[in-house]
Structure formats: structure tokens, C-alpha cells
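[1] quick one, fold the following:
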Amino acid sequence: YLGLEDDASAAQALERSIELRPNQVELRRTLCDIRRRQGDASSLPSELRVLAEMLPREDQAPVLEELASILQAPPGGVDPAGFWRCCYQVADVCNSLAMSELQQDHFKSVLLLLKRAESLSVRARPMLAITFNNMACYYRRRGLPKLALSYLFRALDLEARCRSPHKPADTHLNICAVFS
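    Prediction:
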């Protein structure tokens with residue numbers, strides 16, 4: 001299928017192969033290439049996210065940059081709902097990777113990822129609250145409890161204004177951890 005440039009059939013074949021061998025990085029890369037050629041902005045972010053999680057930390061940056069670059073408007077314009085959905089997905093990836101980096105004490109990359117997540121979460125209060133919680137974890141680890149608390153109280157404020165906040169108990173637990 002790939003040689004014939006029949007992207008739809010190739011994508012289906014790759015999806016079946018990935019179901020059988022989900023840890024094959026090259027299959028996932030090829031599927032991302034096809035999604036990119038097809039201009040499939042709805043599934044490409046999730047495919048890139050899975051690919052980034054499969055790669056070693058040192059190889060993740062180009063995939064994350066591509067994930068961020070899909071937020072640029074295509075020549076024919078952009079669907080606002082799709083745009084914000086992509087922002088949310090990239091922010092989620094940035095938060096996940098930041099917490100992985102924090103566990104390994106890679107503080108510089110943590111802050112960069114969290115700042116990116118913050119800028120992408122401006123229209124998604126639950127994601128912004130998660131990002132603020134993660135920033136609090138970062139600042140607590142850096143020995144800055146007052147700054148950590150300021151982010152936690154901002155997260156609490158956001159969660160209070162959300163219809164369905166994501167795990168608000170985590171914010172309260174993080175506040176307890178900072179005070180202890």
C-alpha cells in the first residue's frame with residue numbers, strides 16, 4: 001500500500017499491524033507520516049503523543065515540536081473547535097512529559113514544558129488547573145514553597161469555577177504536602 005500511495009488502505013493496514021504489535025516504533029512513525037500526508041488533524045495529535053511516549057527521552061523533542069507545529073493554521077483556515085482540541089492534547093502531553101522529567105530531576109525541561117502547557121491551556125480551565133498543580137510540584141521540588149502554594153491556590157480557584165474539574169482532591173493533597 002505504501003508504494004502505491006494509497007494512504008487510506010495503508011493507514012488501515014498499519015492500524016491492524018499496530019494492534020498486533022503496539023510497541024513497534026517504526027509502524028507508529030509510518031502511520032504518523034500517512035496521517036500528516038492526509039492532513040488528518042483529528043488523529044495525528046494522538047498518534048504523535050503515543051509515539052512520543054514510546055521514544056526515549058532524548059528522542060522526544062522533535063515529535064513534541066511537530067505536535068506543537070500542527071497547531072499552525074493550514075492554508076484553508078482552521079476549525080476553532082479542532083484547534084482548541086489540539087491545544088488541549090498538546091498541553092496534556094507537555095504536562096505528562098514534565099512530570100516524567102521532574103522525576104528524573106531535569107528541571108530545565110520541566111519548566112519549559114509546563115510553560116508551554118500553560119500557554120496552550122488558556123481556554124481549558126481543567127487543564128490549566130492540572131498545569132498549575134504540576135508547576136506547584138516543580139516549585140516545591142526546587143525548594144520554593146511559597147511559589148508552589150501560589151500556584152496551588154490558583155488551581156483551586158480554577159477548579160471552583162469548573163463544571164467538572166479533574167481530580168480537585170489532588171490540589172488539596174498537594175497543599176497539604178507543601179505545608180508539611
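[2] and the pLDDT for A98?
    Listed pLDDT for A98 reads 93.
[3] and it, how many neighbours?
    Look at A98: counted by other Cβ atoms under 10 Å, it has 25 neighbours. For the C-beta atoms, the positions are set from N, CA and C on the backbone; glycine is no exception.
[4] give me the buried positions along whichever strand or helix holds it.
    Here A98 sits within helix 80-103, counting by DSSP states H and E. The neighbour-count check on helix 80-103 (16 or more other Cβ atoms under 10 Å) flags 83-84, 86-102 as buried.
[5] quick one: the helices in the protein?
    Applying DSSP state H to the chain gives helices spanning 7-20, 25-38, 44-54, 60-69, 80-103, 107-120, 125-141, 145-160, 168-179.
[6] and those helices, which is most packed in?
    Greatest average neighbour count among the helices of the chain goes to helix 125-141 (a mean of 23), per mean count of other Cβ atoms under 10 Å.
[7] what packs against it?
    For helix 125-141, the packing partners by 3 or more Cβ pairs under 8 Å, 6 or more residues apart in numbering; DSSP states H and E come out as helix 80-103, helix 107-120, helix 145-160, helix 168-179.
[8] residue nearest the centroid of the chain?
    Closest residue to the average C-alpha location of the chain: V93 at 1.5 Å, with Cα atoms, centre = their mean.
[9] what sits closest to that one if chain neighbours are left out?
    In this structure, V93 finds its nearest non-sequential neighbour in R49, 4.9 Å apart by Cβ to Cβ, 6 or more residues apart in numbering.
[10] surely the one you found meets C94?
    No. With contact defined as Cβ atoms under 8 Å, R49 does not reach C94; the gap is 10.2 Å.
[11] this completes my enquiry, with thanks.
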